[in-house]
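1. only geometry, no sequence info:
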């Protein structure tokens, strides 16, 4: 079944979404606060002069706006609620679970069906196997529009009914990604300071990526059981290795915030009596902060 899809926001991501819907045979209506930025879509979409105009004839509205502050001005209004009553909004603006709950509350107030989504992709990945999009909300609403949403990503994933679950999973995956990226960039700088080129360092990518992969696989059952016993490498040993990294970083005058923070967290786990446990035992520190 083909739908008429309204896309609010035609930045790089919104433009990619609109083109993907059009390529899949859906009718597309696009709107942007700066009309000139929507002009490149004229060959594949109708251009609307107002958000309400974009929503008027659409069965599905997809929002890809700058942030939730813009959403409050553009989407979460009484006028839009009236235009969208009985229709479905898919929120693809990046945010937090709290933001998602705010959007869902607005939708419920106006009789609008609502899904909150999170895109794990660059704009150039949209409509390719590299893209993943998470969705949360009413499963029946998701199922009704899934064939349309699959135009954006073959890996179209329903997370849970809890409206904040997609945003939470998105933030979690991004944290893991950003943390890992920051670590390997600092590591490359550390190598260069000792006369080893960054290119040479990245030749060994398989080693550190494999180590993270294996540790994640080991952590999964440990976290589920909250049992971190093992015979591979204790936290005491890891802290010793981190001490060498901190010393080297200080000796060569690198920015030390990352290694200092890593050492402080792992050392805190040892101080909490977890030194004989495996590395995933550090999770207990984060559980304690959460409760």
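-> Cool, the structure landed. Since the structure is predicted, the reported quantities are computational estimates derived from the model, not experimental observations.

2. Excluding chain neighbours, give the residue nearest to residue 253 in space.
-> What sits nearest to residue 253 in space, not counting adjacent residues and going by C-beta to C-beta, 6 or more residues apart in numbering, is residue 193, at 7.8 Å. Heads up, the C-betas are built off the backbone N, CA and C, glycines and all.

3. residue contacts, the one you found?
-> Contacts for residue 193 (C-beta atoms under 8 Å, 6 or more residues apart in numbering) come out as 252-254.

4. Kindly supply the PyMOL command isolating those of the residues you listed that are buried.
-> In PyMOL, this line selects whichever of the contacts of residue 193 come out buried by 16 or more other C-beta atoms under 10 Å:
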select buried, resi 254
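
5. Could you dump the contacts of residue 193 into JSON lines and include pLDDT and secondary structure?
-> Below are the contacts of residue 193 laid out as JSON lines (pLDDT from 0 to 100; DSSP: H, G, I helix; E, B strand; the rest coil):
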{"residue": "252", "pLDDT": "94", "secondary structure": "coil"}
{"residue": "253", "pLDDT": "93", "secondary structure": "coil"}
{"residue": "254", "pLDDT": "94", "secondary structure": "coil"}
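
6. Tell me the one of the contacts of residue 193 nearest residue 133?
-> residue 254 (37.4 Å; C-beta to C-beta).

7. What are the structural domain limits within the chain?
-> Under the assignment automatic domain parsing, the domains of the chain span 4-168, 204-290.

8. Just say which of the ones you listed is most tucked in.
-> Of all the domains of the chain, domain 4-168 carries the top mean neighbour count, a mean of 19, counting by mean count of other C-beta atoms under 10 Å.

9. model confidence over that domain, on average?
-> Averaged across domain 4-168, pLDDT comes to 96.

10. same check, this time on stretch 264-283
-> Here the average pLDDT along stretch 264-283 is 97.

11. what's that stretch in contact with?
-> Residues outside stretch 264-283 that contact it (C-beta under 8 Å, 6+ apart) are 215, 218-219, 222-223, 228-230, 232-236, 238-239, 242, 284-285.

12. run the last query once more with 6 Å
-> The list of residues contacting stretch 264-283 from outside it, by C-beta atoms under 6 Å, 6 or more residues apart in numbering, reads 219, 222-223, 228, 230, 234-236, 238-239, 242, 285.

13. possible to save these as TSV with secondary structure and distance to residue 14?
-> Shown next, in TSV, are those (DSSP: H, G, I helix; E, B strand; the rest coil; distance: C-beta to C-beta, whole Å):
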residue	secondary structure	distance to residue 14
219	helix	36
222	helix	41
223	helix	37
228	coil	44
230	coil	47
234	strand	49
235	helix	45
236	helix	50
238	helix	44
239	helix	46
242	helix	43
285	helix	39
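
14. among those residues, which two are most distant?
-> 223 and 242 (21.2 Å).

15. could you dump the domains of the chain to a markdown table with distance to residue 176?
-> As requested, the domains of the chain are exported to a markdown table (distance: least, C-beta to C-beta, whole Å):
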| stretch | distance to residue 176 |
| --- | --- |
| domain 4-168 | 11 |
| domain 204-290 | 9 |
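
16. Of those, which is nearest residue 184?
-> Taking the domains of the chain one by one with C-beta to C-beta, domain 204-290 is closest: 6.8 Å.

17. and the closest residue to residue 197 other than its chain neighbours, how far is that from residue 201?
-> Nearest non-adjacent residue to residue 197, counting by C-beta to C-beta, 6+ apart: residue 191, 7.3 Å away. Distance, residue 191 to residue 201, using C-beta to C-beta, to the nearest Å: 4 Å.

18. residues of the lengthiest helix in the chain that come out buried?
-> Counting by DSSP state H, the longest helix found in the chain is helix 165-193. Neighbour counts using 16+ other C-beta under 10 Å place 165-171, 184, 186-188, 190-192 of helix 165-193 among the buried residues.

19. ok, the residues you listed vs residue 146, which is closest?
-> Nearest to residue 146 among these: residue 166, at 14.1 Å, using C-beta to C-beta.

20. roughly how far apart are the closest residue to residue 12 other than its chain neighbours and residue 171?
-> Using C-beta to C-beta, 6+ apart and skipping residues adjacent in sequence, the residue nearest residue 12 is residue 123, 4.4 Å away. According to C-beta to C-beta, residue 123 and residue 171 sit 20 Å apart.

21. which among the buried residues of helix 165-193 gets closest to residue 11?
-> Within the buried residues of helix 165-193, the smallest distance to residue 11 is 17.9 Å, found for residue 170 (C-beta to C-beta).
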